[in-house]
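In: here's a sequence, model it:
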Amino acid sequence: MLLIIDNGSEKIKRFMKTLRSWEIEFTENHEYLPQVKGVILSGGPGHPAERTDLQSNYRVLQEARVPILGICLGHEIIAYHYGAKVETLPQEQTGLQKIIVNAEDWLLPEIESLFLEKN
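Out: Residues are numbered from 1 along each chain as shown. Sure thing, here's the model as predicted:
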């Protein structure tokens, strides 16, 4: 079973419908955190430093001992929680996007072959 935290994504209902069609069990009830096999933090509006309603996300990041996937804002919440600088882009980005690698990275040494553009 997965725990899904809805951060106000416009697409979360469609996402949940897809999970149901794949017969993937999930809950939005945080009380099940000790029993889940993974967590998904959804997207949503705003910036993690400016939103005051993200406590459940931070609690999960502190307590969960399972894989956590952040989608859009969810990914920013994870980065912000662990000390990364999260910047707002001048224009909203939605849909499929290019990933730009700004430096060589020991963690993903073959990233150039995976993505299209390098700065």
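In: tell me where the model's unsure across the chain.
Out: Counting by pLDDT under 70, the chain shows low-confidence ranges at 93-119.
In: the helices in it, which residues?
Out: 12-21, 55-63, 73-81, 111-114 (DSSP state H).
In: what's the most buried one of those helices?
Out: Counting by mean count of other C-beta atoms under 10 Å, helix 73-81 has the highest mean neighbour count of the helices of the chain, with a mean of 21. C-beta: built from backbone N, CA, C; applies to glycine.
In: for that helix, list the C-alpha coordinates in CSV.
Out: What follows is helix 73-81, C-alpha atoms only, in CSV (Å, rounded to 0.1, in the frame of the first residue of the first chain):
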residue,chain,number,x,y,z
LEU,A,73,6.1,20.5,-5.6
GLY,A,74,6.5,17.2,-3.8
HIS,A,75,10.1,17.0,-5.1
GLU,A,76,10.7,20.6,-4.1
ILE,A,77,9.4,19.8,-0.6
ILE,A,78,11.9,17.0,-0.3
ALA,A,79,14.8,19.2,-1.5
TYR,A,80,13.8,22.1,0.7
HIS,A,81,13.5,19.8,3.8
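In: show me the contacts for Phe15.
Out: Residues near Phe15 by C-beta atoms under 8 Å, 6 or more residues apart in numbering: 4, 9, 42.
In: what's the answer for Glu10, then?
Out: With contact set as C-beta under 8 Å, 6+ apart, Glu10 has no partners.
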